[in-house]
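Novice: show me how the following folds:
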Amino acid sequence: MDTSREPGTSGYSATRIARLLDLQFQELADLAKVHRNTLRSHPQSPKLQSALRDLMRLLSAAQGVQPDLQRAVFLIKNEPIADFDHKTLIQMVEAGRTNDAIDYLNSISAGFIG
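Specialist: Model prediction:
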């Protein structure tokens, strides 16, 4: 998680998280509902930092199911979830349903679903 921190700050780095999740800047900006320039010009924007925290929470929960980082990222970005109308977990975050996505992953890791 420390590798996703903006050096010299207590906030997340949009650039590092985009790289970690293999997202284009525009994809990350759309997900965070901010202008693309905000990623570089105002990285401490509360709206952007909130979205980055949600993504890191989701990644942490995904690694509870799939410890391999690349497989966890694949799960988040590409696996359609029937319980969510076949949306991916990252689409759930974009829709403002991060807690639902994390609850789903927690239930899988506990053995209740899947």
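
Novice: what's the per-residue pLDDT of the residue nearest the centre of the chain here?
Specialist: For the chain, residue 55 is the residue whose C-alpha lies nearest the centre (C-alpha atoms, centre = their mean; 2.2 Å). Listed pLDDT for residue 55 reads 97.

Novice: ok, it to residue 73 distance?
Specialist: From residue 55 across to residue 73, the span is 10 Å (C-beta to C-beta, to the nearest Å). For every residue, glycine as well, the C-beta is placed using N, CA and C.

Novice: between those two, which contacts overlap?
Specialist: Residues touching both residue 55 and residue 73 (C-beta atoms under 8 Å, 6 or more residues apart in numbering) are residue 21.

Novice: contacting residues for the residue lying closest to residue 45 once chain neighbours are set aside?
Specialist: Excluding the flanking residues, the one nearest residue 45 by C-beta to C-beta, 6 or more residues apart in numbering is residue 38, at 5.4 Å. Shown in contact with residue 38 (C-beta under 8 Å, 6+ apart): 29, 32, 45, 47, 48.

Novice: can you pull the buried residues of stretch 36-44?
Specialist: 38, 39, 43 (16 or more other C-beta atoms under 10 Å).

Novice: quick revisit: any idea how far residue 56 is from the residue nearest to residue 45?
Specialist: 18 Å.

Novice: and for residue 32?
Specialist: Look at residue 32 and residue 56: by C-beta to C-beta, they are 13 Å apart.

Novice: who has more neighbours, those two?
Specialist: The neighbour comparison of residue 32 against residue 56 (other C-beta atoms under 10 Å) goes to residue 32, with 23 against 17.

Novice: who touches the helix or strand encompassing residue 99?
Specialist: Assigning secondary structure by DSSP states H and E places residue 99 in helix 98-109. Helix 98-109 is contacted by residues 54, 57-58, 61-62, 64-65, 81, 83-84, 89, 92-93, 113-114 when judged by C-beta under 8 Å, 6+ apart.

Novice: same thing with stretch 74-88?
Specialist: 21-22, 58-59, 62, 65-66, 89-92, 95, 97, 100-101, 104, 113.

Novice: and with 10 Å instead?
Specialist: 21-23, 27, 55, 58-59, 61-63, 65-66, 68, 89-95, 97, 100-101, 104-105, 107-108, 113-114 (C-beta atoms under 10 Å, 6 or more residues apart in numbering).
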